[in-house]
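Asks: need a 3D model of the sequence below.
(2 chains, ligands or ions: 1)
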Amino acid sequence: MKVKICLIGKGTVGKCFLELLNKKLPIFKHKFDIDIVIVGIFEIDGGLVNKSGLNIRKVIEMDKDFRKLNDWKFNINPLDLISKIDVDICIETTPTNPETGEPALSHIKAAIKNGIHIIASNKGPFYLKYKEIKELANKNACLIQYEATVASGVPILSIKKSLGASKIKAIRAILNGTSNYILSRMASEGIDFSIALKEAQELGYAEADPTLDIEGYDAAGKLVILANELLGWSKSIQDVKIRGISKITPQAIELAKSDGYIIKHLAIAENNSLIVEPRLIENYSALNISGTLNVIELKTEYMGSIVLMGRGAGGYEAASAILNDLFYICDFLKKDDNI
Amino acid sequence: MINLEVKIPDTPGTLIELIKPISNNGGNIFGILHHHDKKINNLIPVDLTFELPEELREKALESIKSELRKENIQIDRISLGTEKRHLTILLTGHVFDTDVVDTIKRLAKKKIIVTGLEARFTEVDDISTVKFSLELPESISEKNLINEMNKICEEKNLMMIRV
Ligand SMILES: NC(=O)c1ccc[n+]([C@@H]2O[C@H](COP(=O)([O-])OP(=O)(O)OC[C@H]3O[C@@H](n4cnc5c(N)ncnc54)[C@H](OP(=O)(O)O)[C@@H]3O)[C@@H](O)[C@H]2O)c1
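Replies: Predicted coordinates:
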């Protein structure tokens, strides 16, 4: 049995995904008797298309020179082609425009309308148009998996399936590695915010324009996805009260320490409200993690707290999440003979 | 903590009728004391201590009372405990220039007592960060405190960092 995939966006995540997929192809064959075939890889200026399957190994080997492959065509785009090439699953890994969710939103909607299952690492469409996407997917009987959008490879969205009958009541989390790195360095070294930010930029943990990270917008987007998926809410990013960390001073951190607290940029979903802001947490709290890590605490009905922690960014981490999503969809396709 | 003093008939099954409304309304019972020695006219005085979820407290207490009355359980007294809670919050901004005494007085008006202040400055004209140690009587919820603090912070352009 063949499962045909198209990948949109061959950047850091897209490339890592191709590498991991190439290594894991035998697992799909062994476990599901499925041959994964990549029929299209789209970039901003064109794409590689081959209806009987691209040579993944060659694409990986060519690295940045993949446009030299025979299957490459300039000026083609997935929106025009998605209805014409036979695809089972579309993997979306383009960058997000935080205000519009584009181009991913259009890619996702077009794919769903053509009955194609979705895997995305792109959070924009989900924190802006969650309801619309879900409804469209239900109407077209498509699965949508987007584990990589929150805390990368940490299986925080798929935990819902394991907690089937248990209710999650509230969420507290650290969802942005950049702001956590900055606060951690300020706490351990007593340095100013601006120095910690510069250090993060030099180490590649912060973008040249770090606004989305330090002002809390990135964490807010992820929080919306968590609340909708795990608490069953139907919110969008406009519903989040957001405050950044740029005004945190070393003096504030010092005063917090004197009472056994540490300042963290928390994302909180409780009592029907969504908040991202600097908060005091106890030193011994499970949320007190350092560096670029992410952590999520789920407050459950009968089991107390469940805490998941791990690396919240990185190409291979996100690619692992995509691969797990692919595994889930293949399992579904195989079980229900839905191909 | 809530203390409830009632009198119940010394007949089997009455105690359960007393406990039911409390647990039905989300109460967490800490203790039950029977005063068998003080039985009068087949009525035994019973003291109960329990806690209710903060956000539902008043509503839950009202429905407990009416459910007990329906069961003909005589309520002698209900008292809210006087346990105090301590909280730390940080304020960053021009905390002193924006009249810190006024801030303290406004909290006091809401029965929130500032028991300690600790400040860190950089330059005299620059912003400061101040740690407020607060004492809250049980009748004041954390939500009340946060609402009041939010109002003050908005007015005085201060940033609050709380637990
Ligand atoms: N990197 C991570 O650690 C990580 C983790 C979790 C989730 N994510 C999310 O995953 C997505 C991809 O991240 P990334 O780090 O791989 O970004 P990236 O390195 O910038 O890669 C994105 C790729 O998409 C291409 N692209 C842009 N617009 C396109 C379009 N209209 N059609 C087709 N391709 C297009 C880009 O091409 P050009 O370069 O030519 O513009 C680039 O090759 C983002 O939404 C990100 O938020 C990333």
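
Asks: which stretches of chain A have low pLDDT?
Replies: Applying pLDDT under 70 to chain A picks out residues A:337-339.

Asks: quick one: the helices in the stretch 101-250 of chain A?
Replies: Here the stretch 101-250 of chain A has its helices, by DSSP state H, counting those that start in this stretch, at A:104-113, A:124-139, A:159-162, A:177-189, A:193-202, A:211-214, A:217-230, A:250-258.

Asks: the most centrally placed residue in chain B and residue B:44, how far apart?
Replies: Central residue of chain B (CA atoms, centre = their mean): residue B:138, 2.8 Å from the mean position. Per CB to CB, to the nearest Å, residue B:138 is found 28 Å from residue B:44. (C-beta placed from N, C-alpha, C; glycine too.)

Asks: before we move on, what about residue A:334?
Replies: 67 Å.

Asks: can you pull the contacts of residue A:24?
Replies: residue A:323 (CB atoms under 8 Å, 6 or more residues apart in numbering or on different chains).

Asks: again with residue A:235
Replies: Applying CB under 8 Å, 6+ apart to residue A:235 gives the contacts A:130, A:224, A:227-228, A:274.

Asks: nearest to chain B, of these?
Replies: Within the contacts of residue A:235, distances to chain B taken as CB to the nearest CB reach their minimum at residue A:274, with 15.7 Å.

Asks: pairing partners for the closest one in the sheet, please.
Replies: The partner list for residue A:274 in beta bridges (DSSP bridges) reads residue A:240, residue A:269.

Asks: ok, it touching residue A:225?
Replies: No. Counting by CB atoms under 8 Å, residue A:274 sits too far from residue A:225 to count as a contact (10.9 Å).

Asks: those two: who's more crowded?
Replies: Taking neighbours as other CB atoms under 10 Å in any protein chain shown, residue A:274 and residue A:225 compare with residue A:274 leading, 24 against 21.

Asks: and chain B, which residues reach the ligand?
Replies: Contact residues, chain B versus the ligand (CB under 6 Å from any ligand atom): none.

Asks: got the domain ranges for chain B?
Replies: B:2-80, B:85-162 (automatic domain parsing).

Asks: the strands in chain B, which residues?
Replies: Ranges of strands within chain B are B:2-9, B:28-34, B:43-51, B:74-80, B:85-93, B:113-121, B:128-136, B:159-161, based on DSSP state E.

Asks: chain A contacts on chain B?
Replies: Residues of chain B lying close to chain A (CB under 8 Å from any CB of the partner chain) are B:55, B:88-90, B:92, B:118, B:120-122, B:127-131, B:159, B:161-163.

Asks: quick one: buried ones out of the residues you listed?
Replies: B:88-90, B:92, B:120, B:127-131, B:159, B:161-162 (16 or more other CB atoms under 10 Å in any protein chain shown).

Asks: any idea which of the helices of the stretch 101-250 of chain A is most buried?
Replies: Neighbour counts (mean count of other CB atoms under 10 Å in any protein chain shown) averaged over each of the helices of the stretch 101-250 of chain A peak at helix A:217-230, with a mean of 25.
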